[in-house]
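>>> With the sequence up front, the predicted model follows.
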Amino acid sequence: MALKRIHKELTELQRDPPPGCTAAPNGDDYFQWSGTIEGPPDTPYAGGVFNVQINFPPNYPLSASQIVFTTKIFHPNVSELGAICLDTLKQNWSAGLSVGKVLLSVQSLLADPNPNNPYNGTAARMYLRNRQKYNKTVRHWTQQHAYPPPDYVFTTTQTTTTPANNQDSAATGGSGSSG
């Protein structure tokens with residue numbers, strides 16, 4: 001059941017990719033994918049391309065896929081290891097969600113953090129107490145870790161992309177008990 005669903009979602013992603021997001025299997029392993037999420041326009045993440053690793057459990061879609069950032073990112077809802085605190089990846093998971101919809105939810109989280117349920121307490125406090133400093137820190141991290149190569153074509157305005165060549169952290173991901 002899982003492999004059939006994963007193939008279906010891959011076909012949907014290839015036919016109608018979500019704006020600003022890409023994802024595909026790592027070689028022949030359809031349970032391990034790599035993807036990218038473009039920083040939303042009009043946010044301090046704009047211009048960045050963030051790599052993610054997507055792992056599908058054997059009982060997918062009954063259980064959520066695990067998505068972690070492999071590009072370093074400063075965000076209240078992302079741990080140092082790249083784990084993402086997002087309700088649709090945890091308690092609000094539904095088998096009706098697709099990987100494309102979840103990637104869009106993660107992209108939306110970049111534009112609208114939830115500092116009241118953080119994985120990164122430093123980022124959450126800065127977001128709440130000093131937004132200017134938070135935005136400056138995010139822009140700096142985005143420039144340091146998530147800037148794509150000069151030939152990258154952003155999908156938010158066009159439909160063709162080339163792989164991002166940004167620095168990945170050595171993160172292996174994982175999920176914490178909170179978030």
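In hand now; what should we look at? Numbers count the residues shown, from 1 in each chain.

>>> Ala64 touches Trp93, doesn't it?
Yes - contact criterion C-beta atoms under 8 Å: Ala64 and Trp93 qualify, at 3.9 Å. Every C-beta, even on glycine, is put in place using the N, C-alpha and C of the backbone.

>>> Of these two, which one has the most company?
Taking other C-beta atoms under 10 Å, Ala64 and Trp93 do not tie; Ala64 has more neighbours (22 against 17).

>>> I'd like the distance between the more buried one and Tyr147.
30 Å (C-beta to C-beta, to the nearest Å).

>>> So Gln107: helix, strand or coil?
helix (DSSP: H, G, I helix; E, B strand; the rest coil).

>>> Please verify my assumption that it contacts Ile37.
Yes - counting by C-beta under 8 Å, Gln107 touches Ile37, with 5.0 Å between them.

>>> Which neighbours do these two have in common?
Common contacts of Gln107 and Ile37 (C-beta atoms under 8 Å, 6 or more residues apart in numbering): 20-21.

>>> The two - which one has more neighbours?
Just comparing Gln107 and Ile37: by other C-beta under 10 Å the higher neighbour count belongs to Ile37, 28 against 21.

>>> Spell out the residue ranges of the helices in this structure.
Using DSSP state H, the helices found in the chain span residues 2-15, 99-111, 121-129, 131-145.

>>> Deepest-packed of these, please.
Mean neighbours per residue, mean count of other C-beta atoms under 10 Å, is largest over those for helix 99-111, with a mean of 19.

>>> angle of that one against helix 2-15?
Helix 99-111 runs at 60 degrees relative to helix 2-15, counting by axes from the mean of the first three to the mean of the last three C-alpha atoms, to 10 degrees.

>>> Could you tell me the average pLDDT over helix 99-111, please?
Computed over helix 99-111, the mean pLDDT rounds to 96.

>>> Stretch 141-153 too?
Mean pLDDT, stretch 141-153: 87.

>>> quick check, distance from it to the centre of its chain.
15 Å (C-alpha atoms, centre = their mean, to the nearest Å).

>>> got the end-to-end distance for it?
Using C-alpha to C-alpha, to the nearest Å, the end-to-end distance of stretch 141-153 comes to 21 Å.
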